[in-house]
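**Q** Predicted coordinates and the sequence they were generated for:
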Amino acid sequence: SQQGEEDPQALSIQEGENATMNCSYKTSINNLQWYRQNSGRGLVHLILIRSNEREKHSGRLRVTLDTSKKSSSLLITASRAADTASYFCATDGQGGNQFYFGTGTSLTVIP
Amino acid sequence: DAGITQSPRHKVTETGTPVTLRCHQTENHRYMYWYRQDPGHGLRLIHYSYGVKDTDKGEVSDGYSVSRSKTEDFLLTLESATSSQTSVYFCAISAPAATYGYTFGSGTRLTVV
């Protein structure tokens, strides 16, 4: 399978703390994406990082990519209760337009 | 979700009956996808389309077929529904190379009894 795997499966933190989740994948990629899914909703695209990039920022989000280790991390700084959701990484396996999703990290931010 | 709608939102059907789920987009995107989401499996690609009448299989395509006769519509058909097809189905759209990521619909919760 080309699916990525997120770690940890579940994470619970206090509001204001930082949350870090990791993604490992198996094959070479062109792009890696992170998505958020609130309960009962569709996935929302957060950030895309290309294989030639090492780090990318978007607001309180910081994504890193280490292609030598086939891994990525998503850092959410100063977390808020509204960040409670599941987070998924998706990789394209150099196939271009098809992305393969992991099983997700469930993040709970306690007010 | 803006630009993409799925119908129905919920459906209960009996084993052995055909079921069609519809995805409609107003973004004029070339690429459309059907995924299913199950606990412990994440999202798995069923079928995708890269243009009108151009479709291809994903990793879990058995028991499913798709059609795309217009840019804006992508239909997923379960030929003869089975209980193992009980799932939440998501449609997604993207520009070429998914430069800005996928946009997902709100999902269809299908229960096969």
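**A** Everything's here; your move. Numbers count the residues shown, from 1 in each chain, chains lettered A, B, ... in the order given.
**Q** How about residue A:16: what's its closest non-neighbour residue?
**A** Spatial nearest neighbour of residue A:16, chain neighbours left out: residue A:78 (5.9 Å); criterion: CB to CB, 6 or more residues apart in numbering or on different chains. Placement of C-beta: from N, CA and C, glycine included.
**Q** Ok, residue A:71 next?
**A** Nearest residue to residue A:71, sequence neighbours excluded (CB to CB, 6+ apart): residue A:24, at 4.8 Å.
**Q** wait, what's in contact with the one you found?
**A** A:4, A:5, A:7, A:69, A:70, A:71 (CB atoms under 8 Å, 6 or more residues apart in numbering or on different chains).
**Q** With residue B:36 instead?
**A** So residue B:36 contacts B:43, B:44, B:46, B:60, B:85, B:87, B:88, B:89, B:90 (CB under 8 Å, 6+ apart).
**Q** again, 7 Å this time
**A** B:44, B:46, B:60, B:87, B:88, B:89 (CB atoms under 7 Å, 6 or more residues apart in numbering or on different chains).
**Q** What separation do you get for it and chain A?
**A** Here the criterion is CB to the nearest CB, to the nearest Å. By it, residue B:36 lies 11 Å from chain A.
**Q** Residue B:90 and residue A:44 touch, don't they?
**A** No: in this structure residue B:90 lies outside contact range of residue A:44 using CB atoms under 7 Å: 11.8 Å.
**Q** Between the two, tell me which one has more neighbours.
**A** residue B:90 (24 against 16; other CB atoms under 10 Å in any protein chain shown).
**Q** hey, what's the more buried one bridged with?
**A** Beta bridges link residue B:90 to residue B:35, judged by DSSP bridges.
**Q** Assign the residue nearest to residue A:16 to helix, strand or coil.
**A** Here residue A:78 is recorded as coil under DSSP: H, G, I helix; E, B strand; the rest coil.
**Q** how far away is it from residue B:104?
**A** Separation of residue A:78 from residue B:104 (CB to CB, to the nearest Å): 26 Å.
**Q** With neighbour numbers in mind, choose between these two.
**A** More crowded of residue A:78 and residue B:104, by other CB under 10 Å: residue B:104, with 23 against 11.
**Q** The closest residue in space to that one that isn't next to it in sequence: neighbouring residues, count only.
**A** Among residues not flanking residue B:104 along the chain, residue A:42 sits closest, at 3.6 Å (CB to CB, 6+ apart). A count of nearby residues for residue A:42, using other CB under 10 Å, gives 22.
**Q** Could you do residue B:15 as well?
**A** Residue B:15 has 11 nearby residues by other CB under 10 Å.
**Q** Against chain A, how distant is it?
**A** Counting by CB to the nearest CB - residue B:15 and chain A are separated by 25 Å.
**Q** list the contacts for residue A:11?
**A** A:19, A:21, A:105, A:107.
**Q** This completes my enquiry, with thanks.
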